[in-house]
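J.: let me see the structure of the following:
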Amino acid sequence: MTTANTQRVGGPTPPSSSTGSARRVVTLRRIALLAGAVALFYLGYLALWAYGMATAALDLRRVAAQVVQQGRPTAEALSQAEASMSTLRQGLEAMDGALSPLAPALSRAGWAPGIGPELAAAPGLLALGVAAAQAGDHGLRGLAPALRAWQQGDASPAMFLEALEAGSPELNRAQEAIARLRERRAAVGDVALLGPALRAPLEQLDGLLPDIEGAVGLAVALPRLAGLRQPQTYLLLGQNNDELRATGGFIGTAGLLTLHLGELVRLDYRDSYAFDAATSYVALPPPAPYQRYMLMGVWRLRDSNWWADFPTSARQAEAFLWHEQGEPVDGVLAYDQTLLEMALRILGPVDVPAFEERVDATNFMQIIEVYAHPPGYKEDTREAEDLRKVVLPDRKAFVRELADALLERAKALEPGQWLRVAEALRTSLREKHLLLYFHEPSVAQPLAAVGWDGGVRPPAQGDFLLVVETNVGYSKANRYVGRTVDYQLRLGPDAAPAGARVTVTYRNGNSAPARHCSAEEVDFYTADDSCYKSYLRVYVPSGSIPAGATGLSSALEWFSEGEATVLAGLVVLPPGETRQVEFAYVPPREITAGSGQYQLTLLKQPGVEELPTTVTLVAPEGGDGELTPRLKRQVVLRRDERLTLPLP
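T.: Residues are numbered from 1 along each chain as shown. Got it, this is the predicted structure:
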């Protein structure tokens with residue numbers, strides 16, 4: 001057999017494979033350099049544009065500071081603010097359009113060393129910025145008529161409300177933009193990988209967004225709430241958080257407030273006992289724990305806040321008011337002593353001429369105690385007629401006079417004090433020292449969305465926890481009691497929840513001897529503030545299966561309430577003692593299903609100043625199945641919080 005050798009005749013010698021690869025690498029490098037140069041030039045152009053937008057934003061901030069310092073906006077300042085916000089919005093919208101050709105490539109640039117996460121997040125962050133600017137622009141346009149009415153200085157409350165109502169279409173558009181802002185913030189996701197320059201403002205936005213959403217909602221609703229078209233009447237509930245109840249405290253005082261055309265036309269503030277019917281009433285059986293642990297025979301307005309969900313308790317208070325006093329209302333406002341303290345820090349000291357007292361934030365509780373609990377209050381006697389004359393007739397008259405004095409002082413606020421008032425209201429709403437419930441759905445829904453109505457709404461996804469105490473000891477023992485919460489979630493295979501444990505550790509700081517301190521002995525007249533009796537409820541995801549409890553002074557109870565499963569029981573804490581109460585249960589599988597992250601919503605009970613809380617995830621590790629803590633997070637709850645942790 002003959003083998004033929006084949007040879008190419010003529011033309012260049014073909015390159016080796018290694019030479020071809022080298023040329024392809026060179027070509028790719030050239031393309032990459034060219035693309036990089038174009039991108040850098042393009043991004044530099046955008047950076048200069050962004051600098052112009054940032055300058056506009058700074059101008060707007062200076063104008064806002066000027067408005068705050070002067071108390072009323074000048075026409076020039078308001079026009080400058082509108083122009084700056086419009087410039088910022090138009091610029092960001094144009095920048096978003098200009099960047100859109102690069103958006104797909106940037107979204108896939110997370111691999112780039114050093115700046116990859118920022119490049120990948122850039123399109124989403126810019127879209128977020130556009131929504132924020134749109135919300136600000138519409139919001140300022142909506143407020144502008146009212147601000148101009150305010151700028152005149154002699155506008156009546158009704159004129160101000162008319163102007164605010166005229167801006168409502170723009171404010172509604174601002175609400176729509178805020179909804180887009182919330183969606184785009186969620187799309188950006190966890191900011192842990194971003195640099196400080198981007199992470200810090202996003203974390204700040206996370207804290208401010210609920211306040212902005214709630215404030216715009218109130219601005220839209222204010223003309224209606226203030227009685228622009230017809231008088232509006234509200235039930236006021238003064239809650240004493242030294243005697244903690246589910247929505248903030250025992251209702252020691254209550255009142256009726258009516259607004260018409262933005263003016264206060266009625267304020268009837270009294271001892272809550274004075275809202276009992278004089279001759280007859282509709283007798284409703286109290287909740288079973290009230291009957292069992294307080295021997296309560298008749299349920300009245302002062303004990304209406306049984307449910308942790310404030311809208312539910314508010315409706316119950318309204319029912320008592322209607323049945324016993326024949327008074328319909330348009331909503332309920334509840335507040336605790338912390339809000340009064342905040343008000344006195346701004347408005348005080350305040351003189352109360354009828355009692356020849358001067359009250360400030362440091363002494364108001366002591367003075368209120370003197371008048372609310374005069375000699376003879378809670379004497380160890382059964383001479384009911386004489387005793388009730390001491391207890392009931394007008395023990396809360398001082399509080400009423402103090403409220404009148406605070407209102408008069410508020411009318412004479414200096415311009416610079418309004419910012420402090422706004423900040424105090426913001427803090428009290430976030431920390432649930434002030435709760436708002438209104439009948440009108442268009443008003444109620446925005447408040448519910450940000451939690452300002454004190455509603456208990458478990459999240460659609462993830463885990464949640466709420467610890468609620470109800471003082472059932474006829475005492476003011478809560479001023480001495482501290483507590484911490486430890487929540488441990490045990491994970492099984494595939495991160496499925498295998499069990500959970502909530503441990504509440506109590507410390508009674510009052511060591512004074514108590515005349516009695518047991519679950520069996522109940523007596524209003526001899527109860528001491530050194531003995532703490534609490535009906536403790538722990539709200540967990542619906543579908544959780546109870547697995548036992550320790551440390552209770554009663555049997556464990558469990559039931560459904562709203563969209564939650566509740567584990568509950570009595571806790572009796574003698575003077576000076578420390579006690580741990582533990583609830584065990586198995587949460588539903590759904591709380592860890594999904595994205596590989598664990599989300600926990602922690603709700604804070606109204607009336608509680610702060611609640612140190614530790615959250616621990618544990619998982620089996622090793623062949624012996626030994627449980628080892630994997631992730632731990634500590635937080636001091638002053639408001640509702642949402643934690644996100646990676647699942648092990």
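J.: need the contact list for the closest residue to Ile545 other than its chain neighbours.
T.: Leaving aside its sequence neighbours, Ile545 sits nearest to Val586 (CB to CB, 6 or more residues apart in numbering; 4.5 Å). Glycine gets a C-beta too; all of them are placed from N, C-alpha and C. By CB atoms under 8 Å, 6 or more residues apart in numbering, the contact set of Val586 is 497-500, 544-545, 547.
J.: which of those residues are buried?
T.: 497-500, 544 (16 or more other CB atoms under 10 Å).
J.: ok, so of the residues you listed, who is nearest Leu643?
T.: Ala500 (14.6 Å; CB to CB).
J.: which phi and psi does that closest one have?
T.: Torsion angles at Ala500 (phi, psi; degrees, to the nearest 10) stand at phi -140, psi 150.
J.: flag the helix or strand of this protein with the lowest per-element mean pLDDT.
T.: helix 384-391 (a mean of 36; mean pLDDT, DSSP states H and E).
J.: residues in contact with the following helix or strand past that one?
T.: Moving toward the C-terminus from helix 384-391, the next helix or strand (DSSP states H and E) is helix 397-411. Among residues not part of helix 397-411, those counted as contacts by CB under 8 Å, 6+ apart are 238, 253, 255, 264, 267, 269-270, 343-344, 347, 350-352, 354-355, 357, 359, 364, 367-368, 371-372, 421.
J.: return the set of buried residues in helix 397-411.
T.: For helix 397-411, by 16+ other CB under 10 Å, it's 397-403, 405-406, 409.
J.: do stretch 481-497 as well
T.: Neighbour-count burial for stretch 481-497, counted by 16+ other CB under 10 Å, picks out 481, 483-491, 495, 497.
J.: now tabulate those in CSV and tack on distance to Arg185.
T.: Below are the buried residues of stretch 481-497 laid out as CSV (distance: CB to CB, whole Å):
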residue, distance to Arg185
Val481, 38
Arg483, 33
Thr484, 32
Val485, 28
Asp486, 31
Tyr487, 26
Gln488, 30
Leu489, 26
Arg490, 32
Leu491, 28
Ala495, 26
Pro497, 28
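J.: and those, which two are furthest apart?
T.: Val481 and Ala495 (36.4 Å).
J.: break down the stretch 251-400 of the chain into its helices, ranges please.
T.: Using DSSP state H, counting those that start in this stretch, the helices of the stretch 251-400 of the chain run over residues 288-294, 310-325, 337-347, 364-372, 384-391, 397-411.
J.: for the third one, packing partners?
T.: Taking 3 or more CB pairs under 8 Å, 6 or more residues apart in numbering; DSSP states H and E as the contact definition, the neighbouring helices and strands of helix 337-347 are helix 364-372, helix 397-411, helix 417-430.
J.: which stretch among those helices comes nearest Tyr234?
T.: Taking the helices and strands packed on helix 337-347 one by one with CB to CB, helix 397-411 is closest: 14.0 Å.
J.: give me the distance from the closest one to the chain's centre.
T.: The chain centroid and the centroid of helix 397-411 are separated by 28 Å under CA atoms, centre = their mean, to the nearest Å.
J.: do the same with stretch 545-564
T.: 26 Å.
J.: show residues contacting that stretch.
T.: Against stretch 545-564 from outside (CB under 8 Å, 6+ apart): 307-309, 312, 456-458, 464, 466, 499, 519, 536, 539-542, 565-572, 579-586.
J.: how much space separates Ala424 from Ser542?
T.: 36 Å (CB to CB, to the nearest Å).
J.: can you tell me which residue is nearest the centre of the protein?
T.: Arg430 (4.0 Å; CA atoms, centre = their mean).
J.: looks like Ile591 contacts Pro497 (just checking).
T.: Yes. If you go by CB atoms under 8 Å, Ile591 and Pro497 touch, sitting 5.9 Å apart.
J.: go ahead and confirm Val468 touches Val540.
T.: No. The criterion here is CB under 8 Å, and Val468 misses it with Val540 at 11.7 Å.
J.: circling back: tabulate the contacts of Val586 (CSV), appending pLDDT and distance to Leu339.
T.: Converted to CSV, these look like this (pLDDT from 0 to 100; distance: CB to CB, whole Å):
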residue, pLDDT, distance to Leu339
Pro497, 93, 38
Ala498, 93, 42
Gly499, 95, 39
Ala500, 97, 34
Ser544, 97, 34
Ile545, 97, 39
Ala547, 97, 39
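J.: who are the contact partners of Gly331?
T.: 225, 232, 234-235, 314, 436-439.
J.: which pLDDT value belongs to it?
T.: pLDDT for Gly331: 97.
J.: now Ala197: how far from Glu203?
T.: Taken as CB to CB, the span from Ala197 to Glu203 is 12 Å.
J.: higher neighbour count, these two?
T.: Higher neighbour count among Ala197 and Glu203: Glu203, with 13 against 8, using other CB atoms under 10 Å.
J.: wouldn't the more buried one be in contact with Ala192 here?
T.: No. Using CB under 8 Å, Glu203 is not in contact with Ala192; the gap is 10.2 Å.
J.: count the neighbours of His516 for me.
T.: 12.
J.: can you check the pLDDT for it?
T.: 91.
J.: Ala527: what secondary structure?
T.: Three-state assignment for Ala527 (DSSP: H, G, I helix; E, B strand; the rest coil): coil.
J.: and Tyr474, helix, strand or coil?
T.: Taking three-state DSSP, the label given to Tyr474 is coil.
J.: any idea how many residues pack against it?
T.: With other CB under 10 Å as criterion, Tyr474 counts 21.
J.: what's near enough to touch Ala477?
T.: Contacts for Ala477 were tallied using CB under 8 Å, 6+ apart; they are 242-243, 471, 508, 510, 529-533, 573.
J.: how close does it get to Gly499?
T.: Counting by CB to CB, the gap from Ala477 to Gly499 is 33 Å.
J.: same question, Arg229
T.: Distance from Arg229 to Gly499, counting by CB to CB: 55 Å.
J.: repeat that for Val615.
T.: 15 Å.
J.: go on, Gly91?
T.: Gly91 is 54 Å from Gly499, by CB to CB.
J.: same check on Phe355?
T.: 57 Å.
J.: what of Leu171?
T.: Distance from Leu171 to Gly499, by CB to CB: 48 Å.
J.: then Ala127?
T.: For Ala127, the distance to Gly499 - CB to CB - is 42 Å.
J.: just Pro458 next, same as before
T.: 19 Å.
J.: likewise for Glu93?
T.: 51 Å.
J.: with Ser313 instead?
T.: Ser313 is 32 Å from Gly499, by CB to CB.
J.: list the buried ones in the helix or strand encompassing Ala619?
T.: Here Ala619 sits within strand 611-621, counting by DSSP H and E. Neighbour-count burial for strand 611-621 flags 611, 613, 615-620 (criterion: 16+ other CB under 10 Å).
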